[in-house]
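J.: could you work out the structure for the sequence below:
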Amino acid sequence: MAVNIGQLNTLVVVKEKDFGFYLDAEQLGEILLPKRYIPKGKRVGDEIEVFVYLDSNDELIATTETPKVKVGEFAGLTAIAVNHIGAFFDWGLPKDLLVPFSQQKTRVEEGETHLLFVYLDQHTNRIVATTKVDPLLNREEIPYRTGEKVKAIIGDKTDIGFKCIIDDCFWGVLFFQDAFRQLRKGEEVSAFIKRVRDGGKIDISLQEVGYKKVRGILDEVLDYLDAQGGEMTITDKSSPEAIYAVFKVSKATFKKAIGALYKDKKIALSPGKVTRIK
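T.: Numbers count the residues shown, from 1 in each chain. Next up is the predicted model:
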């Protein structure tokens, strides 16, 4: 099985030196795993899961550290330096991730967060990235149905909400009313398909759609009440931030859940307090 640069690979230790292990990387030859990354108790003949990339000397090297993004994936990362070659992004490894000037949609400045796609330069075997992500998205038929859970990466803020990358494949929109909390560019969140509109446009929400989002937290509210001795001061009058901090839903959804529990005579309401009824 071929060993892939820019991916996690399970390799066998074939040689031990004072400065680290050499691992069998199949078609890539033997690759050094520096001593500081060796898991405790490992020895020659053992398997170790490592990430393979080129170090600052353009030599193949292995690490047990996992980067924030791998080859073939999208991510939101922050530029930590810019020089005559391009912009360098923090991706969790000692050697920063390069986005050459030719791969920048707009000129990147230090401190900015950008959505980017990581790929392997076939000529140099270097792992690099591009912020020109538009041509890489919306190239497949949309497979989603309303209510499906997806992974989303938060992108630029617009007049109506946030652009998002869905499952590393599609652009989507998260409207402000479906966000209900502070979000930062590059943040990865779990979301739900709200609708697929004509023209292939996808709307998502941070909470389940329809009554599912209410039904989903009914037990959570009751469990929380039980844990608090049967009473809580979080009510439908509480701030959206206070509600989200505990139940991870919008104030509107929380109010519907409280209303449903009250109707079923499972709680009693009084000013500033919700009480469990058993």
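J.: so what's the spatially closest residue to residue 100 that is not a sequence neighbour up against?
T.: Once flanking residues are discounted, residue 100 sits nearest to residue 86: 4.1 Å by CB to CB, 6 or more residues apart in numbering. Yep, even glycine has a C-beta here, placed from its N, CA and C like the rest. Contact analysis of residue 86 by CB atoms under 8 Å, 6 or more residues apart in numbering lists 98, 99, 100, 101, 102, 103, 104, 108.
J.: and what of residue 9?
T.: 3, 25, 49, 50, 51, 52.
J.: can you give me the strands in the stretch 1-150 of the chain?
T.: Applying DSSP state E, counting those that start in this stretch to the stretch 1-150 of the chain gives strands spanning 8-17, 20-24, 30-34, 47-54, 60-63, 74-82, 86-89, 97-100, 113-120, 127-130, 149-157.
J.: got a markdown table for the ones you listed, with mean pLDDT too?
T.: Shown next, in a markdown table, are the strands of the stretch 1-150 of the chain (pLDDT from 0 to 100):
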| stretch | mean pLDDT |
| --- | --- |
| strand 8-17 | 95 |
| strand 20-24 | 95 |
| strand 30-34 | 96 |
| strand 47-54 | 96 |
| strand 60-63 | 95 |
| strand 74-82 | 97 |
| strand 86-89 | 98 |
| strand 97-100 | 97 |
| strand 113-120 | 96 |
| strand 127-130 | 97 |
| strand 149-157 | 94 |
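J.: which one, of those, ends up nearest to residue 170?
T.: Residue 170 lies closest to strand 149-157 among the strands of the stretch 1-150 of the chain, at 8.9 Å (CB to CB).
J.: re the thing from before, got a quick PyMOL command for the buried subset of the contacts of residue 9?
T.: In PyMOL syntax, the buried subset of the contacts of residue 9 is picked out as below (16 or more other CB atoms under 10 Å):
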select buried, resi 3+25+50+51+52
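J.: number of nearby residues for residue 172?
T.: By other CB atoms under 10 Å, the residues close to residue 172 number 28.
J.: tell me which element the closest residue in space to it that isn't next to it in sequence is part of?
T.: Spatial nearest neighbour of residue 172, excluding adjacent residues (CB to CB, 6+ apart): residue 202 at 4.0 Å. Using DSSP states H and E, residue 202 sits in strand 201-205.
J.: same deal with residue 242?
T.: Going by DSSP H and E, residue 242 is part of helix 240-247.
J.: what's that helix packed up against?
T.: helix 212-227, helix 251-263 (3 or more CB pairs under 8 Å, 6 or more residues apart in numbering; DSSP states H and E).
J.: poorly predicted segments of the chain, please.
T.: 1, 209-214, 216 (pLDDT under 70).
J.: the residue sitting nearest the centre point of it bridge partners, please.
T.: Nearest to the mean C-alpha position of the chain, counting by CA atoms, centre = their mean, stands residue 188 at 3.0 Å. In this entry, residue 188 is beta-bridged to residue 153, by DSSP bridges.
J.: next, the contact list for it, please.
T.: Applying CB under 8 Å, 6+ apart, the residues near residue 188 are 75, 76, 151, 152, 153, 154.
J.: turn those residues into TSV, including distance to residue 160 and neighbour count.
T.: Output for those, formatted as TSV (distance: CB to CB, whole Å; neighbours: other CB atoms under 10 Å):
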residue	distance to residue 160	neighbour count
75	24	22
76	20	20
151	22	14
152	16	23
153	18	23
154	14	22
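J.: that older thread, in CSV, list the strands of the stretch 1-150 of the chain along with distance to residue 226.
T.: Conversion of the strands of the stretch 1-150 of the chain to CSV gives the following (distance: least, CB to CB, whole Å):
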stretch, distance to residue 226
strand 8-17, 42
strand 20-24, 51
strand 30-34, 49
strand 47-54, 41
strand 60-63, 45
strand 74-82, 38
strand 86-89, 46
strand 97-100, 47
strand 113-120, 41
strand 127-130, 48
strand 149-157, 27
